[in-house]
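Engineer: Sequence below, structure please.
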Amino acid sequence: MVNAKENVDGVDMQLHMLTFDTELDNTLTLQKGGAYIDKQSLELKAFHNEEDGQAYSNVDSVLQNFIVTWNYIYTGTPIALKKKVNQQNFGSGLATRLTCIPLPATNFEMMSREREVDLESDERLTEWAEKLDRMKGELTVQKIVDELYDWTARRMEDAKENDSKADEMLLKRCAYHGLNFSAPFIVMRHWDKMHQEGNYWCGEFETDDTDWKLAELIVNMQFACQRHYFGALAEAYFDNKLREAAVNVPRRQKTIDGFCRLPDEFTAEDVMKYFTLTNINAARTRIKRLQKDHLIEKAGEYVEDGKVKNKYSKTGKIML
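Structural biologist: Residues are numbered from 1 along each chain as shown. Predicted structure coming up:
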């Protein structure tokens, strides 16, 4: 990632690297040992191309910060996906960074023995890959961004009405997927607006309703797949958070209860009564402690049975 750069018009541009694996189980096995230990942090940071500074202990390690542009594409079974995203790691945010697309069922149908390989299709894919790879500039997709914002806002209103924190969580990154996957096809639709400058293609165009329909289709698919694969995990995650929070609520202590029961202005006898102390000397000791913690202050004097006694008042601070 440190060296994956290309100089465009005198400026170094960070390139993206892709790892393909036809078996997700294989990827998970590799990540348990050797140089592939704990790559999940890189997967999380790659989604937003964040900075990282991991140092791996081998002779080729480059000890410096770098922008994470390493993305993973893999296929696997639902069981493998369950190993990848489960109840233990769900809170990491990995689920919302994954684009999970279910493959269609074969429905017991055999593929035709006379099926021919479409070489022209492969050539077109290669041609477009090379064209898109030689693009430079900024995509003019602000209209799509605005539409995706509105789409997310509408779904958030639904989540609010349903009081579903799970839907709120799964929605947060859907728009990124909708834009990232539609962008290459949007550019291909408007390719006639492009022109070549040296070794690169560049140009500007206005997106239209067809472009938005594609982005909308993708973002709807992403949200539906998120709920299908991770909806139950998300619901359990927030249920467990509430349950754990309830379990970990500390019991109110006697000192706090006693302080709360004291009137705004009180005497040593009141302290002895509300703190359930056995004698007046213990009450005076408690008063000194409260004064040193700036929770109470002397509020004057009064005479009782021929003796001058002190009155106190709360300063307004809360006893912790």
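
Engineer: Against residue 65, how distant is the residue positioned nearest the centre of the chain?
Structural biologist: Centroid-nearest residue in the chain: residue 93, 4.3 Å away (criterion: CA atoms, centre = their mean). To residue 65, residue 93 is 21 Å away according to CB to CB, to the nearest Å. From N, CA and C alone the C-beta is placed, and that goes for glycine too.

Engineer: now do residue 143
Structural biologist: 35 Å.

Engineer: go on, residue 222?
Structural biologist: 31 Å.

Engineer: number of nearby residues for residue 20?
Structural biologist: Neighbour count of residue 20, defined by other CB atoms under 10 Å: 9.

Engineer: and what of residue 290?
Structural biologist: As a measure of burial, residue 290 has 22 neighbours, counting by other CB under 10 Å.

Engineer: That one is in contact with residue 296, isn't it?
Structural biologist: Yes - counting by CB atoms under 8 Å, residue 290 touches residue 296, with 4.5 Å between them.

Engineer: who's in contact with residue 205?
Structural biologist: 140, 190, 193 (CB atoms under 8 Å, 6 or more residues apart in numbering).

Engineer: The stretch 101-250 of the chain: strands as residue ranges?
Structural biologist: 195-197, 200-202 (DSSP state E, counting those that start in this stretch).

Engineer: in the last one, what's buried?
Structural biologist: Right, the one you point to is strand 200-202. By neighbour count with 16 or more other CB atoms under 10 Å, strand 200-202 contains the buried residues residue 201.

Engineer: Compute the distance from the centre of it to the centre of its chain.
Structural biologist: Offset of strand 200-202 from its chain centre (CA atoms, centre = their mean, to the nearest Å): 34 Å.

Engineer: per-residue confidence averaged over that strand?
Structural biologist: Strand 200-202 shows a mean pLDDT of 94.

Engineer: What lies in contact with that strand?
Structural biologist: 8, 131, 134-137, 194-195.

Engineer: Could you do stretch 182-198 as well?
Structural biologist: 128, 131-132, 135-136, 139, 141, 144, 201-205, 207, 210-211, 214-215, 218.

Engineer: Would you list the buried entries among these?
Structural biologist: Among the contacts of stretch 182-198, those scoring as buried are 139, 141, 144, 201, 203, 205, 207, 211, 214-215, 218 (criterion: 16+ other CB under 10 Å).

Engineer: sec struct for the nearest residue to residue 259 once chain neighbours are set aside, please.
Structural biologist: Sequence neighbours aside, residue 319 is the residue nearest to residue 259 in space, at 4.4 Å (criterion: CB to CB, 6 or more residues apart in numbering). The three-state assignment at residue 319 reads coil, by DSSP: H, G, I helix; E, B strand; the rest coil.
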